[in-house]
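Engineer: after the sequence you'll find the predicted model.
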Amino acid sequence: MSRFIGAIDQGTTSTRFIVLDREGAIVARDQREHRQIYPRPGWVEHDAAEIWTNTRAVIEGALTKSGLKPRDLAAVGVANQRETTVLWDRATGAPLHNALVWMDTRTQPQVDRLVAQGVGEAIRAKTGLPLATYFSALKLAWLLDAIPDARVKAEKGEALFGTIDSWLIWNLTGGRHAIEATNASRTQLMSLRTLQWDDDLLRLFDIPRACLPEIVSSSDVYGACVGGIDGAPLAGALGDQHAALLGQACLKPGDAKNTYGTGCFLLMNVGETPHVSTQGLISTLAYKLGDAKPLYALEGSIAIAGALVQWLRDNLGLIDSSDDIERLARSVPNNGDVYFVPAFSGLYAPRWRGDARGIIAGLTRFSNKGHIARAALEAAAFQTREVLAAMVADAGVEIAALKVDGGMAANDLLMQFQADILDAPVVRARQLETTAIGAAYAAGLAVGFYASLDDIAAHWREDRRFTPNMEPEERLRLIASWEKAVERSLGWAI
C-alpha cells in the first residue's frame with residue numbers, strides 16, 4: 001500500500017497541498033495565494049478559475065519537492081473555505097461569475113426582507129442557521145438574478161451551483177457534480193436532520209433543484225483524480241472547520257477546538273443529535289464518515305481574525321509581513337486601553353449584527369502602532385471568549401481546555417492572552433495544519449489507509465499548554481472595556 005496521503009487545503013486567502021505519511025507527519029507542502037477582489041464596499045469575490053489553476057500548481061509543487069508521484073498517494077482529501085459560492089457552465093466548465101466569498105455582504109437587503117417576512121425561525125429550525133449574508137443560498141439567488149440567462153440555464157441543469165469543494169471535486173474528477181455534506185449544511189438549503197435538499201427552502205430562496213449537486217459523505221471515494229494527481233482516489237472532503245475538528249481528534253461530545261485563520265471558528269462536538277442554539281450559535285453538521293451516523297456540532301463563527309493582521313499589512317502598511325505582528329505587539333507591555341472591533345462584515349456569533357462596522361476605540365496621544373497591533377491580536381481572543389461563553393451556556397458543559405490550531409495559534413502572545421481572558425487552559429496542537437490533516441484523515445478512512453477513529457486519536461499530540469495567570473480584576477476590566485467598544489460599533493450601517 002502507498003505510504004502517503006495528500007490533502008488540498010483551499011482557504012480564503014491561499015491554496016495548499018500537503019503530503020503526509022502514515023503517522024501524520026508532513027513530508028511536503030506547497031502554497032500559493034490568490035487575489036482578493038473587492039468590487040464595492042462589502043463585496044468580496046474570488047476567481048474560481050484562478051483557484052483551480054493554483055490547486056494544480058501546488059499539487060505539482062509539493063510532489064516535485066518530495067520526489068513523489070501520484071501513484072505514491074493512497075488517496076487525496078479536500079478541505080475548503082465554506083459558503084463561498086460558485087456558478088459554472090456545465091458544458092464548458094467555466095465559471096459564469098467570480099465566486100461570492102463567505103464574508104461578502106451584498107445580500108443584506110434580501111436578509112432584511114426575509115427577516116421582515118418572519119421566516120427566520122423556520123429557516124433556523126430546518127438548517128440550524130440564522131438568516132445572514134454568511135450562507136450560500138442568498139449568494140446563489142443573487143448570481144442567478146444578476147447573470148444574464150443564468151436562471152434559465154440553472155433550471156435546465158446547464159448552470160451548476162457548488163461551494164468550493166464542489167468546484168474542486170468537479171475539476172479533480174473530470175466532471176462529477178457533488179457537494180460534501182458539511183458544506184451542504186452551510187448552504188441554508190439542506191435539512192440538518194435528513195441531510196437532503198429541502199423543497200420548502202428551495203421554494204423560499206427560489207433555487208432550481210436542477211442546478212444543485214449530489215450530497216455525499218465526508219469520507220467516500222468520489223472518483224479517480226485528474227489534474228496532476230492522475231489516478232489517485234479523491235476520497236474525502238470537509239468544510240475547513242469540520243476538517244480541523246476531525247484533525248484535532250474532537251471525536252466525543254464535549255470536545256472543542258478553535259481555529260485561528262482568516263476568521264476564528266470554534267466548534268464543539270455534540271454527538272448524534274443536532275442541538276438548536278439559544279445563545280446565537282450555529283447548529284451544524286460536524287462530519288459524516290462513510291455509512292456511519294452523522295455527528296453534529298455547535299459553532300461560533302468570527303468573521304475577522306487573521307484577516308485583520310492582513311489588513312494592517314496591506315491596507316495600512318503597519319507591518320511588512322504577517323509574522324511581524326507579534327514582535328510589534330510585544331513592543332508595548334499592554335494594549336494601552338486601545339480596543340479594535342474588526343466588524344468589517346458585521347459581527348457574527350453570538351451577536352449576529354450586520355449593522356456593525358469596524359472601530360478602534362480608546363485612542364489617546366499616548367497610543368502608538370504597538371498598541372494597535374496588540375489590540376488587533378486581542379480582538380480574536382475577546383471574540384473567542386464571547387463565543388465560548390455562549391457555547392458553555394448552550395451545551396451546559398464546562399470546557400476543561402480549548403484545543404487551538406491555525407496560523408495565528410503559533411503566536412505565543414495571543415495564545416497566552418487567550419488563556420488569560422478565558423481563565424482556562426489553551427492547548428496548542430503539535431501540528432497546526434489540522435485542517436489539511438482532517439481532510440487527509442477523512443480520505444484515509446475511506447480507503448483503509450487508517451483503520452479506525454482510534455488511529456486518528458492516537459496521532460494527536462500536544463505542543464504547548466498555556467495556563468491563565470491574569471488577576472481576576474484585570475480580566476473583568478478588560479472584558480468590560482471590550483464590550484463597551486463593541487457597543488460603539490453597532491448600528492453603524494443602516
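Structural biologist: That came in fine, so what should we check first?
Engineer: residues in contact with Glu50?
Structural biologist: With contacts defined as Cβ atoms under 8 Å, 6 or more residues apart in numbering, the neighbours of Glu50 are 34-35. Quick note: C-beta positions are derived from backbone N, CA and C, even for glycine.
Engineer: tell me where the stretch 251-400 of the chain has helices.
Structural biologist: Using DSSP state H, counting those that start in this stretch, the helices of the stretch 251-400 of the chain run over 306-314, 325-329, 369-395.
Engineer: point out where the chain drops to low pLDDT.
Structural biologist: Of all residues in the chain, those with pLDDT under 70 make up the ranges 1, 494.
Engineer: what residue in it is the furthest from its centre?
Structural biologist: If you look at how far each residue of the chain sits from its centre, by Cα atoms, centre = their mean, the farthest one is Arg365, at 37.7 Å.
Engineer: what about that one, distance to Leu422?
Structural biologist: Between Arg365 and Leu422 the computed distance is 32 Å (Cβ to Cβ, to the nearest Å).
Engineer: ok but Tyr222 is inside a strand, no?
Structural biologist: Yes - the assignment for Tyr222 is a strand, going by DSSP: H, G, I helix; E, B strand; the rest coil.
Engineer: now it, nearest residue through space, not along the chain?
Structural biologist: Counting by Cβ to Cβ, 6 or more residues apart in numbering, the nearest residue to Tyr222 once its immediate chain neighbours are dropped is Leu234, at 4.7 Å.
Engineer: neighbouring contacts of the one helix or strand that neighbour maps to?
Structural biologist: Element membership of Leu234 [criterion: DSSP states H and E] is strand 233-239. Among residues not part of strand 233-239, those counted as contacts by Cβ under 8 Å, 6+ apart are 74-80, 82, 163, 165, 168-169, 172-173, 180, 182-183, 186, 216, 218-225, 246, 287, 438-447.
Engineer: stretch 168-180 too?
Structural biologist: In this structure, residues lying in contact with stretch 168-180 by Cβ under 8 Å, 6+ apart are 8, 10, 52, 55, 76, 78, 80, 88, 90, 93, 160, 162-163, 165-166, 187, 212-218, 222-227, 229, 234, 237-239.
Engineer: ok, of those residues, which come out buried?
Structural biologist: In terms of neighbour count (16 or more other Cβ atoms under 10 Å), the buried residues within the contacts of stretch 168-180 are 8, 10, 52, 55, 76, 78, 80, 88, 90, 160, 162-163, 165-166, 187, 212-213, 215-218, 222, 225-227, 229, 234, 237-239.
Engineer: so which of these belong to helices?
Structural biologist: 52, 55, 165-166 (DSSP state H).
Engineer: surely Trp170 is within a helix?
Structural biologist: Yes - remark: Trp170 belongs to a helix, assigned using three-state DSSP.
Engineer: how much space between it and Leu87?
Structural biologist: Applying Cβ to Cβ, the value for Trp170 to Leu87 is 12 Å.
Engineer: also Pro468?
Structural biologist: Noted for Pro468: a distance of 47 Å to Leu87, by Cβ to Cβ.
Engineer: what sits against Asp423?
Structural biologist: Contact analysis of Asp423 by Cβ under 8 Å, 6+ apart lists 468, 470, 472, 475.
Engineer: meant to ask about Ser331
Structural biologist: Contacts for Ser331 (Cβ under 8 Å, 6+ apart) come out as 370, 373.
Engineer: and with 10 Å instead?
Structural biologist: Shown here is Ser331, whose contacts under the criterion Cβ atoms under 10 Å, 6 or more residues apart in numbering are 368-371, 373-374.
Engineer: adding distance to Thr278, write those out as TSV.
Structural biologist: Compiled in TSV, the contacts of Ser331 are given as follows (distance: Cβ to Cβ, whole Å):
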residue	distance to Thr278
Asn368	42
Lys369	41
Gly370	40
His371	37
Ala373	36
Arg374	34
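Engineer: so which residues of the stretch 1-150 of the chain form strands?
Structural biologist: 4-10, 14-21, 26-33, 45-46, 73-80, 85-89, 99-100 (DSSP state E, counting those that start in this stretch).
Engineer: for Leu432, which of these is the nearest?
Structural biologist: Comparing these against Leu432 with Cβ to Cβ, the closest turns out to be strand 26-33 (10.2 Å).
Engineer: how far does that closest one sit from the chain's center?
Structural biologist: With Cα atoms, centre = their mean, to the nearest Å as the basis, the distance from the averaged C-alpha position of strand 26-33 to the chain average is 19 Å.
Engineer: try stretch 39-59
Structural biologist: Offset of stretch 39-59 from its chain centre (Cα atoms, centre = their mean): 16 Å.
Engineer: quick check: buried residues in that stretch?
Structural biologist: The neighbour-count criterion (16+ other Cβ under 10 Å) identifies 42, 44-52, 54-59 as the buried residues of stretch 39-59.
Engineer: so which of the helices of the stretch 251-400 of the chain is the most packed in?
Structural biologist: Each of the helices of the stretch 251-400 of the chain was given a mean neighbour count from mean count of other Cβ atoms under 10 Å, and the largest, a mean of 23, is that of helix 369-395.
Engineer: now the element after it, going C-ward?
Structural biologist: Counting by DSSP H and E, the element after helix 369-395 in chain order, helix or strand, is strand 402-405.
Engineer: mind giving me the packing neighbours of that following strand?
Structural biologist: Contact here means 3 or more Cβ pairs under 10 Å, 6 or more residues apart in numbering; DSSP states H and E; on that basis strand 402-405 packs against helix 240-247, strand 256-260, strand 264-271, helix 369-395, helix 412-422, strand 426-429, helix 434-447, strand 462-466.
Engineer: quick one: which of these is nearest Lys69?
Structural biologist: Set against Lys69 and scored by Cβ to Cβ, these come closest in helix 434-447, at 17.2 Å.
Engineer: what angle do the closest one and strand 4-10 make?
Structural biologist: Using axes from the mean of the first three to the mean of the last three Cα atoms, to 10 degrees, the direction of helix 434-447 lies 130 degrees away from that of strand 4-10.
Engineer: tell me how many other residues surround His459.
Structural biologist: With neighbours defined by other Cβ atoms under 10 Å, the count for His459 comes to 18.
Engineer: ok, it - contacts?
Structural biologist: Under the criterion of Cβ under 10 Å, 6+ apart, the contact partners of His459 comprise 20, 22-25, 247, 249, 430-431, 437, 441, 450.
Engineer: just the contacts of Asp423 now: which is nearest Thr15?
Structural biologist: When those are compared for distance to Thr15 (Cβ to Cβ), Pro468 comes out closest, at 36.4 Å.
Engineer: gap between that closest one and Met391?
Structural biologist: In this structure, Pro468 and Met391 are separated by 18 Å, where distance is defined by Cβ to Cβ.
Engineer: check Phe417 too.
Structural biologist: In this structure, Phe417 lies at 19 Å from Met391, with Cβ to Cβ as the measure.
Engineer: Leu445 reaches Asp454, doesn't it?
Structural biologist: No - with contacts defined as Cβ atoms under 10 Å, Leu445 does not count as touching Asp454, sitting 11.2 Å away.
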